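[1] Please find the sequence and the predicted model below.
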Amino acid sequence: MSFFGFGPSADIEIVLDGQDSRKTAEIKTEDGKKEKHLLYYDGETVAGKVNVTMKKAGSKMEHQGIKIEFIGQIELYYDRGNHHEFTSLVKELARPGEITGNTSYGFEFQQVEKPYESYTGANVRLRYFLRVTIVKRLSDSVKEQDIIVHTLSQYPEMNSSIKMEVGIEDCLHIEFEYNKSKYHLKDVIVGKIYFLLVRIKIKHMEIQIIKRESTGTGPNTYNENETIAKYEIMDGAPVRGESIPIRLFLSGYELTPTMRDINKKFSVRYYLNLVLVDEEERRYFKQQEITIFRRADKARRAAVAGEKRQTHHSMQHHKEAAPPPSLKPSEDNSDSQ
Amino acid sequence: MPSTPQLSPQEEQEKLLEEGISIVKNQSFQMKRCLDKGKLMDGLKHASTMLGELRTSLLSPKSYYELYMAISDELRHLELYLCDEFQKGRKVADLYELVQYAGNIVPRLYLLITVGVVYIKSNELSRKDILKDLVEMCRGVQHPLRGLFLRNYLLTCTKNVLPDTEEELATNDYEYGTVMDSIDFILLNFSEMNKLWVRMQHQGHTRDRNKREQERRELRILVGTNLVRLSQLECIDMEKYKKVVLPAVLEQVVSCRDPIAQEYLMECIIQVFPDDFHLQTLNPFLKACAELHESVNVKNIIIALVDRLAQFAQNEEGSGIPPEIQLFDIFSDQISQVIQNRPDMPPEDIVALQVALINLALKCYPDKVDFVDKVLETTEDIFNRLNLDHLEYGSPVSKELMRLMKIPVDSYNNILTVLELSHFGPIFDYFDYQSRKLMCSYLINNVLENDTRIPTQDQVDNILNIVNVLVQDQSDQPAEPDDPEDFAEEQVLMGRFIHLLQAEDPNQQYLILNTARKHFGGGGDKRIKFTLPPIVFAAYRLAMRYKEAKEEDENWEKKCQKIFQFCHQTVGALIKADMAEMPLRLFLQGALTAGEIEFENHETVAYEFMSQAFSLYEDEISDSKAQLAAITLIIGTLEQMSCFGDENHEPLRTQCALAASKLLKKPDQCRGVCTCSHLFWSGRSASQEGELQDSKRVSDCLKKGVKIANQCMDSSVQVQLFVELLNHYIYYYEKGNDQVTIQVLNQLIAKIKETLPNLEANEETEQINKHFQNTVEHLKLRRDGSETEGPSYEELVL
């Protein structure tokens, strides 16, 4: 995004090193379009050149100095005036003076910390960009250039399966198991549902991936739920003893890594929602949080023999408020749409 | 889809199906177009939309089947396209994963199967793993109808790609799999399909039960195809069948507790797998039969198996039943187990099982009579235990039991073999009167049709005990007498049967007749008239046999005497039953026979028999027609006999003449004396050589006849008698009786010619006239003939 001031003006161009060879990534903009930018990881140096080109050849431009900033900020849509910068680095490119011709300035932010992943959500945006400012008396000339940051995670040392028995007394008892609790973005969720007791006529069963974006804190927390995936895993009514396989490939869906309490401003969490619908369209569901992470392309593929954690929950014993502690019958279909 | 109320359910189905098919056509058209342009992803999208039609719950199984067929045709197109692409080396990476993004499970799994098979055919990935994955993933469809068709699609698509080798074939880096993998694959698919199929039974309203069961029957082939597929795997040998395949299949069949499934699948097993497999696995199979749901018609299953094996045993190309397999014992034990496990089994089904067993015994072990007997024994025990008797005629169990009893009869076609079955006879006691009669008639008919001779006394005794219902009155017979025609028919059967009681040895034959006499003697007046005469005749025949073989037996004369005593007594029994004509004839026959045999005292015996006939004639026969017939027979008999000396012959022939002249009606008298005349001509006496040829007495008889004829009032009868007399005269004239002259003939002819025209013209006159004309014609021929022998006819006036 560029910003043009008045008076004798110049075009500012930020050329990052390796522009043609560096990987790029896509990100959604607020209006839903997709933009492509260069991709950086945490600790990588961001370096390049700033080219200032006079619009009229031979003209001169006085300035109070030229600087470049590297900014990471969180924008909450409901609070447009306040951007929360969590990273801000500045380099001076030129002292106050006069530019007489086309000039080029090199810059380098060495091994910049980029703690968070670029993100565009429903109520919040986290972005990284470079901003060149030519300070002038009347209005500054400014040029911004976005980059995209991906945060990489090692394969988690602990990645136990999610196994749980839930039910409604004398009505429906199921045991479900997802093979892991942490999945990378291209991962496959493998699992199964085992029916221990079925006294209702189930019509079908699906797995949903729900993304919950929370912004704000305390009483001002906004939650935005989005169903990323709806995936039917069973058609028809099973009987006691049936075991239904689950296999859901994640790479086809638009997922981001799980983000917890990013700079105390927002979180993005993912839940697997198992939904059973009976013949009277009543829905029974159980949500289970999973962690999604971004795996380095050549990450060490450690086979993790996660310690099996077996937790038995039931409607009575589970005291958590949300997500629903047990398979919860509900008449409203809002969560699925 | 909304339904308009005026549509009948069938019309609605048609409409729904039509709509579905048209979507399928449209989508498949677009799918093909995309594929032609190389737009695979778009093609798959259309395929998926098309497959979405199979998610419907509105179609009946029949309509769903049609939709399924239409769609699977189109999917074949997709499969061919993908195979082609793979062959050209244009591999689509991750296709197997890609199709799994379809949100709905039914289209997703159809696509997965289609792609999976393409991978298999192109040797991408491990065949074994793909098969395992596909069959596991199909668990996601739990809706019975949709699940059944999905799994059927899986089975159809994988038909030719199932590994069928003992050892792993190393192809590429991927595991190909062995026949064991195919077995696991099919067995899992089979049990899942069966579960779905069974589940259909428990869905919906109870009032639709019949419809539901009908629908289930329509779908059964889908489940059965699994077994067919198993049977097509060449690497399944006896060992694998016995250890792996059959136990798993039976486990599923037994545990599903569903009668329709059990009945169908058990028969399926019998039909699809080879007989030699069955032979080696009879015990587990039959044991499973015993564990089936109580409303399963186990009988049909076992019968089907027995029939197969019996056929197998008879098949000439086959190796037959291996001797180490005790086929009969196995079936026998297991069937009794089945019966024991099912206290509520209707007795007719129990008997039907015995029918199967007896068929097996007869077809597989035709020489083992004791097997058949064992079945009968078991049957008897069962009836005993169930406290069943007097099985009502026409009831299912009575019908089945009859079927059972007829099998050895028909199969041996020899009652003597049947008699070796010690439990055959006792079972007759369990029938009611009516059934018993039918069975007995059946048995006796079989003897007659096969012309089976019964050679020993014991056997006769045995048979007559079995068919007692036809021999004597029964304690359980209804108060109302049997239909006379039916009764007569049965008794005629018995009469014919008696003629088949034939021993090689005459002494044995005598014992046989005695036994028969004892049995039939108790049959009551109505029966003995049918049964004793054949015994008497058989006895006369036996006496002749002694005569023919007299050199071999020095006691033959005494034995003959005994026989005649036996006959005398037997005929006496008939007389006691108020019969006269039959005993009279039997006496005459006896007299003839005795006269011919010439044993010691034979003349006395013959005389006794003749005199018995006379006294019957005199005391018992009162009807004039019967009298004439009887006296004619007596005369004829005496005329035939030559054993009497004069002292016996004289009174007999005189008695005959007397009796004849004492007949009531004049025409009868006339005819009687005329017949009697022959006694004096061709009769023989032991006292002199040759015929008596007593011309005087002959002439006297004839004259008496003429006199009597003259006394007749009815001129028509009179002429008739004259014509007959003329014939007698001519006979004697020709024979050279000197008392008969040509004048006598002329007189008679003149008399006839005179009277004949005065007769009223009618049919009777016509006949008399014809008789006369023929007689005259005969005389003319004689007169004009060139023969020189015989008396002269020169003076004959015609």
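    Happy to help now that I have it.
[2] residues touching residue B:166, list them.
    Applying Cβ atoms under 8 Å, 6 or more residues apart in numbering or on different chains, we find residue B:166 in contact with B:178-179, B:235. C-beta: built from backbone N, CA, C; applies to glycine.
[3] again, 10 Å this time
    Going by Cβ atoms under 10 Å, 6 or more residues apart in numbering or on different chains, residue B:166 touches B:178-180, B:235, B:237, B:240.
[4] mind checking the SS state of residue 261?
    As the question left the chain open, I've gone with chain A. strand (DSSP: H, G, I helix; E, B strand; the rest coil).
[5] look at chain B instead
    helix.
[6] What segments of the stretch 601-750 of chain B are helices?
    B:602-620, B:624-640, B:646-661, B:666-681, B:695-711, B:715-735, B:742-755 (DSSP state H, counting those that start in this stretch).
[7] among those, which is the most enclosed?
    Compared across the helices of the stretch 601-750 of chain B, helix B:666-681 shows the largest average neighbour count, a mean of 24 (mean count of other Cβ atoms under 10 Å in any protein chain shown).
[8] what is the orientation angle of that helix with helix B:624-640?
    10 degrees (axes from the mean of the first three to the mean of the last three Cα atoms, to 10 degrees).
[9] Take the helices of the stretch 601-750 of chain B and write them to CSV, including mean pLDDT.
    Shown next, in CSV, are the helices of the stretch 601-750 of chain B (pLDDT from 0 to 100):
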stretch, mean pLDDT
helix B:602-620, 93
helix B:624-640, 93
helix B:646-661, 91
helix B:666-681, 93
helix B:695-711, 92
helix B:715-735, 92
helix B:742-755, 90
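[10] Could you provide those in CSV, with additional columns for distance to residue A:131?
    Converted to CSV, the helices of the stretch 601-750 of chain B look like this (distance: least, Cβ to Cβ, whole Å):
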stretch, distance to residue A:131
helix B:602-620, 151
helix B:624-640, 149
helix B:646-661, 161
helix B:666-681, 157
helix B:695-711, 165
helix B:715-735, 158
helix B:742-755, 165
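[11] Up against chain A, what does chain B have?
    Residues of chain B lying near chain A by Cβ under 10 Å from any Cβ of the partner chain: B:54-55, B:57, B:94, B:97-98, B:100-109, B:112, B:133, B:136-147, B:150, B:192, B:195-196, B:198-199, B:202-203.
[12] on that earlier part again, kindly reformat the contacts of residue B:166 as a markdown table containing secondary structure.
    A markdown table is the format used below for those (three-state DSSP):
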| residue | secondary structure |
| --- | --- |
| B:178 | coil |
| B:179 | helix |
| B:180 | helix |
| B:235 | coil |
| B:237 | coil |
| B:240 | helix |
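[13] Which pair of those residues spans the longest distance?
    B:178 and B:237 (12.9 Å; Cβ to Cβ).
[14] neighbour-wise, which of these two wins?
    Neighbour tally, residue B:178 and residue B:237, criterion other Cβ atoms under 10 Å in any protein chain shown: the higher count belongs to residue B:178, 17 against 12.
[15] my guess is the more buried one contacts residue B:185, does it?
    No - counting by Cβ atoms under 10 Å, residue B:178 stays clear of residue B:185, with 11.2 Å between them.
[16] And the residue nearest to residue A:48 when sequence neighbours are not counted, how far from chain B?
    The shortest distance from residue A:48 to any non-neighbouring residue, by Cβ to Cβ, 6 or more residues apart in numbering or on different chains, is to residue A:16 (3.9 Å). Using Cβ to the nearest Cβ, to the nearest Å, we find residue A:16 at a distance of 32 Å from chain B.
[17] Residue A:229 too?
    Distance from residue A:229 to chain B, by Cβ to the nearest Cβ: 8 Å.
[18] Contacts only, for that residue.
    Counting by Cβ under 10 Å, 6+ apart, residue A:229 has contacts A:189, A:206-211, A:248-250, A:252-255, A:272-273, B:101, B:103.
[19] and these, which of them are in strands?
    A:189, A:206-211, A:248-249, A:272-273 (DSSP state E).
[20] which of the contacts of residue B:166 lies closest to chain A?
    residue B:180 (22.0 Å; Cβ to the nearest Cβ).
[21] ok, now which ones touch that closest one?
    B:128, B:163, B:165-166, B:168, B:235-236, B:240, B:244.
[22] ok, and the most crowded of these?
    residue B:163 (23 neighbours).
[23] Only the buried residues of stretch B:281-296, if you could.
    B:281-282, B:285-286, B:288-293, B:296 (16 or more other Cβ atoms under 10 Å in any protein chain shown).
[24] Same list (those residues) but as CSV, adding secondary structure and pLDDT.
    Output for the buried residues of stretch B:281-296, formatted as CSV (DSSP: H, G, I helix; E, B strand; the rest coil; pLDDT from 0 to 100):
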residue, secondary structure, pLDDT
B:281, coil, 93
B:282, helix, 91
B:285, helix, 94
B:286, helix, 91
B:288, helix, 93
B:289, helix, 90
B:290, helix, 87
B:291, coil, 90
B:292, coil, 91
B:293, coil, 90
B:296, coil, 88
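[25] show me where pLDDT drops low in the stretch 201-350 of chain B?
    Low-confidence segments of the stretch 201-350 of chain B (pLDDT under 70): B:316-319.
[26] And the pLDDT for the residue nearest to residue A:48?
    With respect to pLDDT, residue A:16 scores 94.
[27] Residue B:469 now?
    Residue B:469 is given a pLDDT of 91.
[28] And residue B:794, by the same measure?
    78.
[29] correct me, but it touches residue B:779?
    No - Residue B:794 lies out of contact with residue B:779 (Cβ under 10 Å); the separation is 11.9 Å.
[30] How is chain A divided into domains?
    A:10-150, A:162-330 (automatic domain parsing).
[31] Single out the residue in chain B that lies closest to chain A.
    residue B:143 (2.7 Å).
[32] Excluding chain neighbours, what is closest to the closest residue to chain B within the stretch 201-337 of chain A?
    Relative to chain B, the nearest point of the stretch 201-337 of chain A is residue A:236 (2.7 Å; Cβ to the nearest Cβ). Residue nearest to residue A:236 in three dimensions, not counting chain neighbours: residue B:143, with 2.7 Å by Cβ to Cβ, 6+ apart.
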